[in-house]
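S.K.: Attaching a predicted model along with its sequence, questions to come.
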Amino acid sequence: MRPFDPASVCLMELPDTTRQNAPEVVALEAQIADLQQLVALLQSQLADIRDQKDRWQSRAERISLVSM
């Protein structure tokens, strides 16, 4: 089973009620795209924070071993 690809749906194939709501659908699709970009940005920032945390943790462990 293939995943649903919204880009493959033509507005002419949709029921009349959906075509009438096309501006709202386009607006929602734009919001979804914006949110997907935001998610990607936040995931990238989270990965950066985790890397920083790991570096600080390693440094703290080295300092702890030296001071023993």
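M.R.: Thanks, I have it.
S.K.: and stretch 34-53, which residues are buried?
M.R.: By 16 or more other Cβ atoms under 10 Å, stretch 34-53 has no buried positions at all. C-betas here are computed from N, CA, C, even on glycine.
S.K.: what about it, distance to the chain center?
M.R.: Stretch 34-53 has its C-alpha centroid displaced from the chain centroid by 8 Å (Cα atoms, centre = their mean, to the nearest Å).
S.K.: From Leu35, how far out is Val26?
M.R.: From Val26 across to Leu35, the span is 15 Å (Cβ to Cβ, to the nearest Å).
S.K.: I should have written Asn21 there, sorry.
M.R.: For Asn21 relative to Leu35 (Cβ to Cβ), the value is 20 Å.
S.K.: Quick check: which element contains Glu29?
M.R.: Per DSSP states H and E: Glu29 is located in helix 22-66.
S.K.: could you give me the average pLDDT of that helix?
M.R.: Confidence over helix 22-66 (mean pLDDT, whole number) is 94.
S.K.: for it, packing partners?
M.R.: Judged by 3 or more Cβ pairs under 8 Å, 6 or more residues apart in numbering; DSSP states H and E, helix 22-66 is in contact with no other helix or strand.
S.K.: let's have the chain start at 280 instead
M.R.: Right, with 280 as the first residue, what we last looked at is helix 301-345.
S.K.: Quick one: distance of it to the chain centre.
M.R.: Taking the mean of its C-alpha atoms, helix 301-345 sits 9 Å from the chain's own mean (Cα atoms, centre = their mean).
S.K.: What of stretch 340-347?
M.R.: Remark: stretch 340-347 is offset 39 Å from the chain centroid, using Cα atoms, centre = their mean.
S.K.: Alpha carbons of that stretch, as PDB, please.
M.R.: The C-alpha trace of stretch 340-347 is given here as PDB (Å, rounded to 0.1, in the frame of the first residue of the first chain):
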ATOM      1  CA  GLU A 340      33.800  14.300  33.500                       C
ATOM      2  CA  ARG A 341      37.400  15.100  32.500                       C
ATOM      3  CA  ILE A 342      37.600  17.900  35.100                       C
ATOM      4  CA  SER A 343      36.200  15.600  37.700                       C
ATOM      5  CA  LEU A 344      38.800  12.900  37.000                       C
ATOM      6  CA  VAL A 345      41.700  15.400  37.100                       C
ATOM      7  CA  SER A 346      40.600  16.800  40.400                       C
ATOM      8  CA  MET A 347      40.500  13.400  42.100                       C
END
